[in-house]
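>>> Below is the sequence, then the predicted model.
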Amino acid sequence: MIVLRAIVVVSALALAGPVGAQEMREVETVKGAVSIPAEPERIVVLNPAVAGYVYALGLDILAVTESYRSVTEDGFTQAWADEARASGSEVLPWDFEGYNFEQILGYGPDLIIAGGTGRPGFLANEAYDQLSAIAPTLFVDTALPNWEAELDFIANALGREDEAAAAMEIYEQRVAEVREAITLPEQPTIFVYATEPGAAPYFVPEDTPTPQLFAEVGFEPDPLGERYPDFERASTGDSVQVSHELAPEILSAPTMILFPWTPASPSAEEFSDDPLLGRIPAVANGDVYEMPDTIYRFDYYGALATLDAIEETFGQ
């Protein structure tokens, strides 16, 4: 990594060139007002969970941080891998501890888009000043309630409201198609994952994007967040861990949607083999539906992929 002073010097030189000559627009963000190019040409995205919005708005991405869920061989999220390849995007490696600022600087970005859900959003929040010294940085608030709000924010910031409206029309049409195409299992439904075999499971509260999307096509998410308001949520706010001992009582809905956190996450069969998790009603009765990890923390293309997965699993 390089020190902030070096970033400032090189970035100032870069802004004196073509980027500085661009027409700029001022955008209000949770980090304050920021001036960004009206027509950015060298966009670097530092969270794969927000990259799909940029592609959906018809913009190219020069480099995007490596995906960590549903990853293709070339490092993209499967839901928007075709768009990334068509855009000529490169994969930018990162690790849990932070970004390589020198590598980001090497791309000569005229706009950095960062923030959003998960660890990348946390890292961008911590490194916002360093990133802003490299290029104008559009920070997507980590507290936005769902993917629609993230798409709306980015579209408004980039002046791409018409493209966002067209994308939402496609999504809403797909919701209607899937709602008519599926047969619902017994309701209500819980949404569950575990990080690794033997680990205590997490449930996904009903006020977060995954259950909300399922509700759009007719599912009834079990209101566990409302029923257990004192249970502490993870720092990201979109999951709650439940002990093995309490799991059969808390996770009592007749239907479970189970998805992996990583490739090592336990399957429905492994839940069934666990002496305590095997007593969860949906597990005991064989009413667990395993789905891909794209159904959690998704962007626009992930939402469409989730609808595809629902139709494939529950289609008539």
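Nice, I can see it.
>>> any idea which helix or strand comes after the top helix by length along the chain?
Looking across the chain with DSSP state H, the single longest helix is helix 161-181. Next helix or strand after helix 161-181 toward the C-terminus (DSSP states H and E): strand 189-193.
>>> Next, the residues that contact that following strand from outside, please.
201-204, 210-211, 214, 219-222, 224, 239, 251, 253, 255-261, 265, 282, 296 (Cβ atoms under 8 Å, 6 or more residues apart in numbering). Where you see a C-beta, it was placed from the backbone N, CA and C, and this is true even at glycine.
>>> Next: stretch 215-229.
175, 178-179, 182, 184, 187-191, 203, 205-207, 211-212, 214, 231, 240, 250-253, 307, 310.
>>> so for it, what's the average pLDDT?
Mean pLDDT, computed over stretch 215-229, is 97.
>>> Begin at 18, not 1, for the rest of this chat.
Sure, I'll start numbering at 18, so the last one becomes stretch 232-246.
>>> Got phi/psi on Thr154?
When quoted as degrees, to the nearest 10, the phi and psi of Thr154 stand at phi -120, psi 120.
>>> so what's Ile274 closest to, chain neighbours aside?
Phe208 (4.8 Å; Cβ to Cβ, 6 or more residues apart in numbering).
>>> now Gln333: how far from Gly303?
The gap separating Gln333 from Gly303 is 20 Å, by Cβ to Cβ, to the nearest Å.
>>> still on that earlier bit, what about the residue nearest to Ile274, how many neighbours?
28 (other Cβ atoms under 10 Å).
>>> again with Tyr145
Neighbours of Tyr145 (other Cβ under 10 Å): 19.
>>> and what of Ala281?
11.
>>> With adjacent residues omitted, what lies nearest to Phe248?
Val257 (4.9 Å).
>>> An error on my part: the question was meant for Glu213.
Ala281 (5.3 Å).
>>> pretty sure that neighbour contacts Gly215?
No: with contact defined as Cβ atoms under 8 Å, Ala281 does not count as touching Gly215 (10.6 Å).
>>> All the strands of the protein, residue numbers only.
41-46, 49-54, 60-62, 80-82, 107-109, 128-132, 154-157, 206-210, 219-220, 257-258, 272-275, 305-307 (DSSP state E).
>>> average pLDDT for the fourth one?
Strand 80-82 shows an average pLDDT of 97 in the prediction.
>>> Could you spell out the sheet neighbours of it, each with its direction?
strand 60-62 (parallel), strand 107-109 (parallel) (DSSP bridges).
>>> neighbouring contacts of that strand?
Residues contacting strand 80-82 (Cβ under 8 Å, 6+ apart): 61-65, 68, 93, 101, 106-111, 116, 121, 124, 126, 137.
>>> which non-adjacent residue is nearest Asp291?
Nearest to Asp291 is His261, by Cβ to Cβ, 6+ apart, at 7.3 Å.
>>> need the contact list for that neighbour.
Counting by Cβ under 8 Å, 6+ apart, His261 touches 217, 291, 293-294.
>>> Please identify which pair of those residues lies farthest apart.
Farthest apart among these by Cβ to Cβ are Ala217 and Asp291. That separation is 10.5 Å.
>>> Have a look at these two and say which one is more surrounded.
Asp291 (18 against 15).
>>> Give me the local confidence score for the more buried one.
96.
>>> Please name the residues that touch it.
Contacts of Asp291 by Cβ under 8 Å, 6+ apart are 215, 261, 283.
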